[in-house]
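Visitor: Below is the sequence, then the predicted model.
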Amino acid sequence: MRLRLDKFLANKALGSRKEVHALIKQGLVTVDGVVAKKKDMHIDIPEQTIAVNGEIIDSRQIYYVKFNKPAGYVCAMEDARHPTVMDILPPEFRTMGVGPVGRLDKDTEGLLLLSNDGAWAHRIINGKKHVPKRYYFEYSGTLSAEGLERIRTGIVLGDGTECKPAEIILTGAVAEKSEDTGVGDAVLLKSAEIIIEEGKYHQVKRMIGAAGGEITYLKRLTVGHLDLTDIPTPGDFMYLEASDYEKL
C-alpha cells in the first residue's frame, strides 16, 4: 500500500498535519533508517520501516482488537454525556477508524471486539452467522421454570422482539453484603451464564427480566473462541492474530 508519509503519521495519531510536518522538518522521521526530507514523499506499507525519534511506528492499517471493557464506558466513537471506550484506547484507533464491533451496555464489563474492517465486523454482529457470545451474570428475583424453558426454546419479549433459543446455566448463589456490617449475611443474588448468538438491544437483561429476574451484574466472557485469558484486567487490550480473526 502506498501512502503519503505525512498522511500515514497523522493517521497514526502522531499529531495534526502541521505537527507532523514539523517532525519531518526537524529530521525526526526516518524511512528505512534514512532521514525523510519531504512531507509528501510516498512510502510503501508494510514493506518500509517508519520511525519517529528512533521509535518504529506500527504500520498496520487494518485492526482486529480484543478489549476487556470496564464498566462505566459506552461503546461509541463519541458521546456528549458519557466517557466512551475510545477514551481509554490508543488515540490512533480513532484516527484509523477503529470502532466497537457491536455494543456492551455502559454498566456491562468484559470482552469487546474492535475493528476498522466493516465486513468482518458485520459477520460477527449478524446473528445469521451463529457466532456464540457467552455472558456471566448475577441477578435478583426468581427465574421460573417456565421462563427458563422460554429462554431455551426462543423467548418473545413484551414488545414482540423474538430471540433465538439460548443456552442458560444456573451456576450458584452470590452473597450480597450488608451495607451496615459489610458481611455477607444474606444470600440474595443468584448467578448464571447464558450463551446467545445475537446482540439485540439490552438483550440479556430483557430476556432475564421476562423470565422473572433482574440482572445486577453482567460480564461478557467469550465471543466465538475468543476469551479474556490474555487480557484479565479491565482496560487491557491486545491485537488479534490472523488465525484468530480469520477463524471468526
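Guide: Received it, and whenever you're ready, just let me know what you need.
Visitor: what's the neighbour count on the spatially closest residue to A166 that is not a sequence neighbour?
Guide: The shortest distance from A166 to any residue other than its chain neighbours is 4.7 Å, reached at I196 (Cβ to Cβ, 6 or more residues apart in numbering). Every C-beta, even on glycine, is put in place using the N, C-alpha and C of the backbone. Other residues lying near I196 total 22 when counted by other Cβ atoms under 10 Å.
Visitor: what do you get for A36?
Guide: For A36, using other Cβ under 10 Å, the count is 22.
Visitor: any idea how far E78 lies from I88?
Guide: E78 sits 14 Å away from I88, taking Cβ to Cβ, to the nearest Å as the criterion.
Visitor: again, but for L111
Guide: With distances taken as Cβ to Cβ, L111 is found 15 Å from I88.
Visitor: one step back: please say which of E78 and I88 ends up with more neighbours.
Guide: More neighbours sit around I88 than around the other of E78 and I88, counting by other Cβ under 10 Å; the figures are 15 against 9.
Visitor: Distance check, that one against L104.
Guide: Counting by Cβ to Cβ, the gap from I88 to L104 is 14 Å.
Visitor: T171 now?
Guide: Shown here: T171 relative to L104, a distance of 20 Å by Cβ to Cβ.
Visitor: Of these two, which one has the most company?
Guide: Neighbour count, other Cβ under 10 Å: between T171 and L104, L104 has more, with 23 against 13.
Visitor: Enumerate every residue touching I43.
Guide: When contacts are counted by Cβ atoms under 8 Å, 6 or more residues apart in numbering, I43 is found next to 2-5, 8, 31, 50.
Visitor: at 10 Å instead, please
Guide: For I43, the contacting residues are 1-5, 7-9, 31-32, 36, 49-50, 59, by Cβ atoms under 10 Å, 6 or more residues apart in numbering.
Visitor: Look up which residues are beta-bridged to the residue nearest in space to the middle of the chain.
Guide: Among the residues of the chain, the one closest to the centroid is L112, at 2.2 Å (Cα atoms, centre = their mean). Beta-bridge partners of L112, counted by DSSP bridges, are F67.
Visitor: from what I can see it touches V98, true?
Guide: No - using Cβ atoms under 10 Å, L112 and V98 do not qualify as a contacting pair, with a distance of 11.8 Å.
Visitor: Could you name every residue contacting both of those two?
Guide: Residues touching both L112 and V98 comprise V65, with contact defined as Cβ under 10 Å, 6+ apart.
Visitor: Tell me which stretches of this structure form helices.
Guide: Along the chain, the segments classed as helices by DSSP state H run 5-11, 17-25, 91-95, 118-125, 145-153, 203-210, 242-247.
Visitor: Going by contacts, tell me the helices and strands next to the second one.
Guide: This points to helix 17-25. Of the remaining helices and strands, those touching helix 17-25 by 3 or more Cβ pairs under 10 Å, 6 or more residues apart in numbering; DSSP states H and E are helix 5-11, strand 29-31, strand 50-52.
Visitor: Kindly recompute the last result at 6 Å.
Guide: Under the contact criterion of 3 or more Cβ pairs under 6 Å, 6 or more residues apart in numbering; DSSP states H and E, the helices and strands touching helix 17-25 comprise helix 5-11.
Visitor: residues of the helix it packs on that come out buried?
Guide: With burial defined by 16 or more other Cβ atoms under 10 Å, the residues of helix 5-11 counted as buried are 5-6, 8-11.
Visitor: Quick one: mean pLDDT for that helix?
Guide: Mean pLDDT, helix 5-11: 97.
Visitor: Mind jotting down where the strands sit in the protein?
Guide: According to DSSP state E, the chain carries its strands in the segments 2-4, 29-31, 34-35, 42-44, 50-52, 55-56, 64-69, 99-101, 109-115, 133-141, 167-176, 186-196, 213-223, 237-239.
Visitor: Turn these into CSV, including distance to I125.
Guide: Compiled in CSV, the strands of the chain are given as follows (distance: least, Cβ to Cβ, whole Å):
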stretch, distance to I125
strand 2-4, 29
strand 29-31, 38
strand 34-35, 44
strand 42-44, 33
strand 50-52, 33
strand 55-56, 34
strand 64-69, 14
strand 99-101, 6
strand 109-115, 10
strand 133-141, 10
strand 167-176, 20
strand 186-196, 12
strand 213-223, 10
strand 237-239, 19
